[in-house]
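Asker: Coordinates only, no sequence provided:
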């Protein structure tokens, strides 16, 4: 395997794996906090059982998220040392903030998971709050680094060398706000629909009658979070697309397959992507110009503005973008359906339960596709205009072996994690005591 | 230079805390693997309960040190990650499998084959991680990134012994059962002897094959740190023998700090010997200053949180 491809494959696999766990790490503490709060308020047992069940899932997901996040932080140096050598002093600050946020997360998750009998009920409930906050905050800080890679700032170049380093300005690169919002809201979308899907599928399965009340409560809490998050994500996503049209035109043109700079640009959906653009695609005339600037005559910058060597891989960016928007549309419809049923206080029908069961995988597809858009859409650069990905890679040999090795690790971790979570879902009592192994 | 020194000190503090706290968690895994005798399962349960609430936060000292590396000393960091790619990758695999296996084996505790498999992975990876981290430190000290050299491999073995010793001492206060405590007391004594023998190993190898490093190790700063570490080792034995378990914790922690002091004393002011010092590798002052402000602000939040965690789970109530 080519050296750079091997490094990119390993980094990409690591990110694709970690991002799902990271999303649940941000969202689940909020769900647990709501469930336990409802128990404290109402004293109703199903809420307590729900909090305990979700906490067990959180323990497994958080541990795998922590170790897969460690892989990523090591890979920054092990795979891309030349990038870190060049840019470490610029991007280190958000990582330092994130380190502290991660610390708070880990400390309070220890207190929460092992503290059921050691803390007062209120103190225990409140210990979920720092997990929820620091989880969201750390996701934001990590995304600030990604924002910088999309739009490097906070320095001057002098003969190719970085001078006048301003790490605060580097933290707040142009896309920082839209990107961090998009990522953080995505975590709530995935957790909300993911948890709702688990509950919906449990309601469809025989043998869960004894826990119906708990599962219904879980479905409601998860769908409230999802139904707030998904329309919000549409607003943020629309904003970020408009931002990209202006500030990251190459990525935007790849998403929408705009080959030449033009007015009255169409929206292109699907199609067969060749080197000269999309064929047999659905086109909505003028819609892209309108969405990008609320003016059908607005000019949209095309890929013709940059030499072919500086263009991202067109097909994967475009299909990923369409997948993200497509799945997000379905999620919006499913959430709308649930909201109407819930507001009219109707029971959740079987078709809706099937749709909710589907929403979990759909939300993960949306998350991964969105991440693909921003990462592939930035290529061939690791930091746009500053350093190419191929110049950032390590000179250490044997990267393909490491890629296969870590891929195997992910398969084993993923499969075990899935199996354990299914067990927790099927029978929360079995094999999953809070203190894990009871003291002798 | 002063800002670079400040960042270096924060980095050293993170490494030291990881050495003691993270090291104790790895050592717990070592004793989990070596659990034996009539109380084998009880030993493992005590280890699980001791590690459970704290391993994730102890682990973050490593991430923190790593972040300080690329934020404050990027060229030195890039050289280390390039030329020590192999030991760091193996250490990473160990770290990842340790954390995952610890959680998996506990959640699968009622399915015997899975629990056995993940328990074995937990123990083995708890040796792999400190061995290769120690190996990387030894390789760095050789000044030529020779991670396959006898010195580096010897340092790896020493690191594993050190972790096992700290863990055994810490475990003395993690269980109210006198029989279990006697088990861990024997292990603490044996591990301290192992630390003594394996601690002399890198020094002896340096004398034979690394003259430059040996000269540095026998310089005033390093030699006094090593002498203090050896004396503190005797202190650990005495405290453990006389059942002064709380004192033993402090002494064994101080001993680890003295060992690290010996390393830094031999190497300072070099960060990567022959290539980078703390001053030449340092980021621009703007970055260092900003980092120190973040670190100070972060400490205000972090320290009370950590104290709360340890007060809840590591207080005297556990041994009452």
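Answerer: That came in fine, so what should we check first? As the structure is a prediction and not an experimental result, all values here were calculated from the model.
Asker: which residue packs closest to the residue of chain B found nearest chain A, ignoring adjacent ones?
Answerer: Proximity of chain B to chain A (CB to the nearest CB) peaks at residue B:71, 2.4 Å away. In short, each C-beta sits where N, CA and C put it, glycine included. In space, and not counting its chain neighbours, residue B:71 is closest to residue A:92: 2.4 Å by CB to CB, 6 or more residues apart in numbering or on different chains.
Asker: isn't the one you found right up against residue B:66?
Answerer: No. The criterion here is CB atoms under 8 Å, and residue A:92 misses it with residue B:66 at 10.6 Å.
Asker: Counting neighbours, go ahead and name the busier of the two.
Answerer: Applying other CB atoms under 10 Å in any protein chain shown to residue A:92 and residue B:66 shows that residue A:92 carries more neighbours, namely 31 against 24.
Asker: Which element, helix or strand, includes the more buried one?
Answerer: helix A:81-114 (DSSP states H and E).
Asker: All the strands of chain B, residue numbers only.
Answerer: B:270-272, B:276-277 (DSSP state E).
Asker: quick one: average pLDDT of stretch A:317-330?
Answerer: Stretch A:317-330 shows a mean pLDDT of 95.
Asker: List the buried residues for it?
Answerer: Buried residues in stretch A:317-330, counted by 16 or more other CB atoms under 10 Å in any protein chain shown: A:317-328, A:330.
Asker: so which of those residues would you say is closest to chain B?
Answerer: residue A:320 (27.6 Å).
Asker: What sits closest to the closest one if chain neighbours are left out?
Answerer: Nearest one to residue A:320, counting by CB to CB, 6+ apart, is residue A:372 at 3.8 Å.
Asker: and the stretch 101-250 of chain A, which of its residues are near chain B?
Answerer: A:102-104, A:106-111, A:113-115, A:118-119, A:130, A:165-168 (CB under 8 Å from any CB of the partner chain).
Asker: Does residue A:157 lie in a helix or a strand, and which?
Answerer: Going by DSSP H and E, residue A:157 is part of strand A:156-158.
Asker: ok, that strand: who's next to it in the sheet?
Answerer: strand A:161-163 (antiparallel) (DSSP bridges).
Asker: Could you look up the next helix or strand downstream of the partner strand?
Answerer: In N-to-C order, the element after strand A:161-163 by DSSP H and E is helix A:167-171.
Asker: Rounded mean pLDDT for the following helix or strand past that following helix, please.
Answerer: Downstream of helix A:167-171, the next assigned helix or strand under DSSP H and E is helix A:176-204. For helix A:176-204, mean pLDDT is 95.
Asker: just stretch A:154-165 next, same as before
Answerer: So the average pLDDT for stretch A:154-165 ends up being 88.
Asker: which parts of it are buried?
Answerer: So stretch A:154-165, judged by 16+ other CB under 10 Å, has buried residues A:154-155, A:162, A:165.
Asker: Would you point to the one among the strands of chain B that's packed deepest?
Answerer: strand B:270-272 (a mean of 22; mean count of other CB atoms under 10 Å in any protein chain shown).
Asker: Give me the residues contacting that one.
Answerer: B:8, B:73, B:76, B:79-80, B:140, B:276-278, B:281 (CB atoms under 8 Å, 6 or more residues apart in numbering or on different chains).
Asker: Make CSV out of those residues and add distance to chain A and pLDDT.
Answerer: Shown next, in CSV, are those (distance: CB to the nearest CB, whole Å; pLDDT from 0 to 100):
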residue, distance to chain A, pLDDT
B:8, 14, 90
B:73, 8, 94
B:76, 9, 94
B:79, 8, 94
B:80, 8, 94
B:140, 14, 92
B:276, 11, 91
B:277, 16, 90
B:278, 14, 89
B:281, 10, 90
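Asker: most neighbours, which of the residues you listed?
Answerer: residue B:73 (30 neighbours).
Asker: about what we covered before: pick out the most distant pair among the contacts of strand B:270-272.
Answerer: Farthest-apart pair in the contacts of strand B:270-272 is B:8 and B:79; separation 16.3 Å (CB to CB).
Asker: quick one on the thing from earlier: pull out the buried positions in the helix holding residue A:92.
Answerer: For helix A:81-114, using 16+ other CB under 10 Å, the buried residues are A:81-114.
Asker: and what of stretch A:229-248?
Answerer: A:229-230, A:233-234, A:236-237, A:240-245, A:247-248.
Asker: Report the distance from that stretch to the chain centre.
Answerer: On the basis of CA atoms, centre = their mean, to the nearest Å, stretch A:229-248 sits 15 Å off its chain's mean C-alpha point.
Asker: and what of stretch B:171-190?
Answerer: The answer for stretch B:171-190 is 20 Å, by CA atoms, centre = their mean.
Asker: right, is that stretch up against chain A?
Answerer: Yes. Applying CB under 8 Å from any CB, one finds that stretch B:171-190 is in contact with chain A at B:175, B:177, B:180.
Asker: next one: stretch B:83-100
Answerer: Yes. Using CB under 8 Å from any CB, stretch B:83-100 reaches chain A at B:83, B:85-86, B:88-89, B:92-93, B:95-97, B:99-100.
Asker: Could you single out the nearest of the residues you listed to residue A:64?
Answerer: residue B:100 (6.1 Å).
Asker: ok, the closest one touching residue A:64?
Answerer: Yes. The criterion here is CB under 8 Å, and residue B:100 meets it with residue A:64 at 6.1 Å.
Asker: between those two, what contacts are shared?
Answerer: In contact with both residue B:100 and residue A:64: residue A:413, using CB under 8 Å, 6+ apart.
Asker: Please enumerate the helices of the stretch 301-440 of chain A.
Answerer: Remark: helices assigned in the stretch 301-440 of chain A by DSSP state H, counting those that start in this stretch are A:314-343, A:350-376, A:389-392, A:399-426.
Asker: could these be laid out in CSV, adding distance to residue A:259?
Answerer: Shown next, in CSV, are the helices of the stretch 301-440 of chain A (distance: least, CB to CB, whole Å):
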stretch, distance to residue A:259
helix A:314-343, 9
helix A:350-376, 17
helix A:389-392, 23
helix A:399-426, 33
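Asker: Ignoring the adjacent residues along the chain, who's closest to residue A:299?
Answerer: Nearest to residue A:299 is residue A:263, by CB to CB, 6+ apart, at 5.2 Å.
Asker: That neighbour touches residue A:298, doesn't it?
Answerer: Yes. Counting by CB under 8 Å, residue A:263 does reach residue A:298; the two are 6.8 Å apart.
Asker: out of those two, which sits in the more crowded spot?
Answerer: residue A:298 (17 against 12).
Asker: list the contacts for the more buried one?
Answerer: A:263, A:289-290, A:292.
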